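Student: sequence and computational prediction follow.
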Amino acid sequence: MELEKIENSGEELNETQRTDLFNSIVMGKDVTEKIKTSRGEFKVKYPRARDIQQIGRLQAFRLNGVPAESFDKNVLAFIQEVATLDVLVLEGPSWFENAKRENPNFTWLDIPSQAFIMEVYAAAYSFRLKVQKLIETDTKEGNNGMDAVSDTKDNGSSGLFDGISSEERVTG
């Protein structure tokens, strides 16, 4: 499903269109957009939960078992950007497609310009935010914050969430 087609129907989506877009994503259909960059046009998709999980796996793989705390925050951000692009970029210009064809193990780590990686990541992230905003609902259902939960120490459960409260703790 190309986002451009959805957006052409108007500046903001009505509730039915939002629901249709949301349901399409839930049913496994990709929402995509072509993003223009300094080195050509790329087709990216909106990340579903499975994609986010895949990105996390790639990040963990690239850390090679070393705790994240051992890395500089810039390195961790770069690993996240590359993993995200490896999962979300579906197509690209001819040089990109040729690189993928020539090297079956091609990854965004093979791109020599960190500035270009950041450019594509920023465009993909902007697309993600745009879709996220489009599927948000204006009604209270599904779009309201959680009510504060009083302290749950005495809830009679010996479960994982004992003693957890959503109320802010004030220390004296």
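Tutor: Arrived safely, thanks for sending.
Student: test my guess that residue 111 contacts residue 118.
Tutor: No. Between residue 111 and residue 118 there is no contact under Cβ atoms under 8 Å: 10.5 Å. (C-beta placed from N, C-alpha, C; glycine too.)
Student: which ones are touching residue 42?
Tutor: When contacts are counted by Cβ atoms under 8 Å, 6 or more residues apart in numbering, residue 42 touches 34-35, 89, 91-93, 96, 120, 123-124.
Student: contacting residues for the residue positioned nearest the centre of the chain?
Tutor: What sits nearest the mean C-alpha location of the chain, by Cα atoms, centre = their mean, is residue 47, with 4.6 Å. By Cβ under 8 Å, 6+ apart, the residues touching residue 47 are 55, 84, 87-88, 128.
Student: which of the contacts of residue 42 fall in helices?
Tutor: 96, 120, 123-124 (DSSP state H).
Student: how about those in TSV, adding pLDDT and distance to residue 13?
Tutor: Shown next, in TSV, are the ones in helices among the contacts of residue 42 (pLDDT from 0 to 100; distance: Cβ to Cβ, whole Å):
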residue	pLDDT	distance to residue 13
96	98	31
120	97	26
123	96	21
124	96	21
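Student: need phi/psi at residue 37.
Tutor: phi -130, psi 180 (degrees, to the nearest 10).
Student: burial of it, as a residue count?
Tutor: By other Cβ atoms under 10 Å, 15 other residues sit near residue 37.
Student: where's the residue lying closest to residue 83 once chain neighbours are set aside, which helix or strand?
Tutor: Leaving aside its chain neighbours, residue 83 sits nearest to residue 58 (3.8 Å; criterion: Cβ to Cβ, 6 or more residues apart in numbering). Using DSSP states H and E, residue 58 sits in helix 49-63.
Student: how about the contacts made by residue 94?
Tutor: residue 40.
Student: next one: it relative to residue 42, how far apart?
Tutor: According to Cβ to Cβ, to the nearest Å, residue 94 and residue 42 sit 12 Å apart.
Student: before we move on, the earlier item: quick one: which of the contacts of residue 47 is nearest residue 13?
Tutor: residue 128 (16.3 Å; Cβ to Cβ).
Student: for residue 42, phi and psi?
Tutor: The phi/psi pair for residue 42 (degrees, to the nearest 10) is phi -120, psi 150.
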